[in-house]
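**Q** Predicted coordinates and the sequence they were generated for:
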Amino acid sequence: MKKKIIAVLLSGAMAVGLLAGCGASGGDKESGKAAGAAKDTQAGSEANQGEESKKDEPADGEKKAGGGENVTLKFVQDLGTDEKANQLTQDIIKAFTDDTRIQVEFESIPTGDYRTWLTTQFSAGEGPDVYTDILYNITSDYDSGWLYNFKDLYDKESAYDPGQPWRETLPDSILERMELPDNVVPGYPSSTSVVRIFCNMDLFEKAGVKKPETWAEFMDACKKLKDSGTIPFGFPNATIGDLSWLWFNNSVSSQLDEGLVKELDESGNGYIELGEIAKGFDEGKIDFTSPQLEKGFDMMKEFSQYWTSDYNGLDQKSALDMFMRGEVAMVQALSTNLSQIQDAVGDDFNYEVMPVPVITKDTSEYAMGKSVILGGQPDIIYAINKNLEGDNARLEAAIKFVQYMSSPDIQKKFADGICRIPLANTTKLPDSLSGFIITEEPLRMAYYTGINEKLRTYFHRAGQQYLEGGLSTGEFGKMVNDSYKEVLDEVKAENGWSAENNYGIVKE
């Protein structure tokens, strides 16, 4: 069981970090004006429009499912207190019921209670029929014997996205993460969150700079912004929940480790899993005092001169507020925060988004010359209760519901309405989200977010000392090594890993 859980720990932990840091994203690719993208999409009303008078007709572009008049499903999701997201979901579910006659009882569980509520319900044999979660949690729930295996569904067409097997609608990088050992596919991913740097283009123009593409151009832009009297970057670093320190270091370190992934990837899936990290560290292949990783820390220290002076006390919400008020030229945030920025900024200024800039050989001899995506992992995955296998009518209804909720038409409504990035390659991305199209390399090894909260806490606290001048680069690297050793020793003991059993690594 632990092998399956560990196999997705890296991507799952990354998703946890991303969700914890939700705060902002977006601008029109051409003009940078986001207000137009925020105009009334009426996504909810579109899903419901005319249904009272046409209850026997399928929604536009959707296949009539039918045959569920006597079935009721319980569906839960963690949407927090987001009234817009909750209302849109309610409207879309109503359209599904009107189309199929399948009743869906929807409940949005508060974020802080979601996992506790789910595990309590499943342990009591009363889990929901359908729910969504991140990959790490979905995999853990599958290994607990609670979930239906989607493997056979992936080889068939979706009722709401016909023309090819369901698996072929997913990007290869996502499919790789969803297909676990032993022919297990614990759910279907519908959307993701993508981290971007938001740029106030009015302040850029005032400073005489263009949106940078390389790290060298990024540092030059920051200098010119500072010289023009503008604070270049709102960098929140008060707690581990303020994720810019983790996000940036994950990308920078990954851009400087060319060749290491291939060396460590014994399983052959293209990603460095926790057992492979433990082995690589024990063998000295992962060393935070190495020249390439120390170079990344030096780059972050240089970058810190362009942040607000109180960055170690600045939280994510405050950094976003500063950006939306035009007090800082840049901030890092998620695509899911786009609507918040759109509503707040309006016509006040133009803005655009960009990924972490590419580190080139001009900056470091260790650079691979490609940016590395932050986010892009599936963070809304639909799962089905295994108990439904004993009731064909309810299982069929649950499958139809999942296929409906993850279909191109519905994902476009979520993209238009609340800026979710759809994963299906059959879904047309709205123009307002064009800046979030993933063009970067996948995050193959999540150095700082991919182990556990204890390691993230150590890395964050040591980072605060380093940025404030309390540690040299070498001392900081040694402290990260010490933290890795302590945490990985605990992980190895918990899982019974050692060199003798090859750290539990399963080769594909």
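**A** Nice, thanks for sending it over.
**Q** The helix or strand bottoming out on mean pLDDT in the chain: what's the following helix or strand?
**A** Ranked by mean pLDDT, DSSP states H and E, the helix or strand of the chain with the weakest confidence is helix 43-48, at a mean of 38. Using DSSP states H and E, the helix or strand that follows helix 43-48 in sequence is strand 72-77.
**Q** and whichever helix or strand comes after that following strand, which residues are buried?
**A** Using DSSP H and E, the helix or strand that directly follows strand 72-77 along the chain is helix 83-100. Using 16 or more other C-beta atoms under 10 Å as the test for burial, helix 83-100 gives 85-86, 88-100. The C-beta positions use only the backbone N, C-alpha and C, and glycine is treated the same way.
**Q** For helix 83-100, give the mean pLDDT please.
**A** Taken as a whole, helix 83-100 has a mean pLDDT of 93.
**Q** Any figure for the gap between S123 and M322?
**A** 44 Å (C-beta to C-beta, to the nearest Å).
**Q** Between those two, which is the more surrounded one?
**A** Comparing S123 with M322 by other C-beta atoms under 10 Å, the one with more neighbours is M322, at 18 against 11.
**Q** Could you say which helix or strand holds F281?
**A** F281 belongs to helix 274-282, assigned by DSSP H and E.
**Q** Kindly provide the whole-number mean pLDDT of that helix.
**A** So the average pLDDT for helix 274-282 ends up being 95.
**Q** so how far is the strand or helix carrying Q342 off the chain centroid?
**A** For Q342, the element it lies in under DSSP H and E is helix 338-345. For helix 338-345, the separation from the chain centroid amounts to 20 Å (computed by C-alpha atoms, centre = their mean, to the nearest Å).
**Q** That helix: which residues count as buried?
**A** Result for helix 338-345 [16+ other C-beta under 10 Å]: buried residues 338-342, 344-345.
**Q** List the buried residues in stretch 324-342.
**A** 324, 328-342.
**Q** ugh, wrong one, stretch 283-303
**A** Neighbour count says stretch 283-303 has 286-290, 292-297, 299-301, 303 buried, by 16+ other C-beta under 10 Å.
**Q** Among those residues, which one lies nearest to G470?
**A** Distance to G470 across the buried residues of stretch 283-303 (C-beta to C-beta) is lowest for K301, with 11.9 Å.
**Q** which stretches of this protein aren't confidently modelled?
**A** For the chain, the stretches flagged by pLDDT under 70 are 1-69, 80-81, 111, 376, 508.
**Q** Would you mind giving the domain segments of it?
**A** Domains of the chain are assigned by the TED database as 72-193+378-436, 196-375+441-504.
**Q** just checking, next helix/strand downstream of the one helix or strand Y131 maps to?
**A** For Y131, the enclosing helix or strand under DSSP H and E is strand 130-133. Downstream of strand 130-133, the next assigned helix or strand under DSSP H and E is helix 135-143.
**Q** which strands and helices sit next to that next one?
**A** Where contact means 3 or more C-beta pairs under 8 Å, 6 or more residues apart in numbering; DSSP states H and E, helix 135-143 is packed against helix 2-7, helix 9-20, helix 114-123, strand 375-384.
**Q** Apply 10 Å and report the result again.
**A** Counting contacts by 3 or more C-beta pairs under 10 Å, 6 or more residues apart in numbering; DSSP states H and E, helix 135-143 packs against helix 2-7, helix 9-20, helix 114-123, strand 130-133, helix 172-178, strand 375-384.
**Q** which parts of the next helix-or-strand element following that helix are buried?
**A** Following helix 135-143 in sequence order, the next helix or strand is helix 151-154 (DSSP H and E). By 16+ other C-beta under 10 Å, the buried positions in helix 151-154 come out as 153-154.
**Q** biggest helix in this protein, by residue count?
**A** helix 473-495 (DSSP state H).
**Q** now that helix, how far from the chain's geometric center?
**A** 25 Å.
**Q** which strands and helices sit next to it?
**A** helix 2-7, helix 274-282, helix 291-303, helix 453-467.
**Q** Mind exporting the C-alpha coordinates of the second one to CSV?
**A** So that's helix 274-282. The C-alpha coordinates for helix 274-282 follow below in CSV (Å, rounded to 0.1, in the frame of the first residue of the first chain):
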residue,chain,number,x,y,z
LEU,A,274,10.4,9.9,-2.4
GLY,A,275,12.3,6.6,-2.4
GLU,A,276,14.5,7.8,-5.2
ILE,A,277,15.1,11.1,-3.3
ALA,A,278,16.1,9.1,-0.2
LYS,A,279,18.5,6.9,-2.2
GLY,A,280,20.0,9.9,-4.1
PHE,A,281,20.6,11.8,-0.9
ASP,A,282,22.2,8.8,0.9
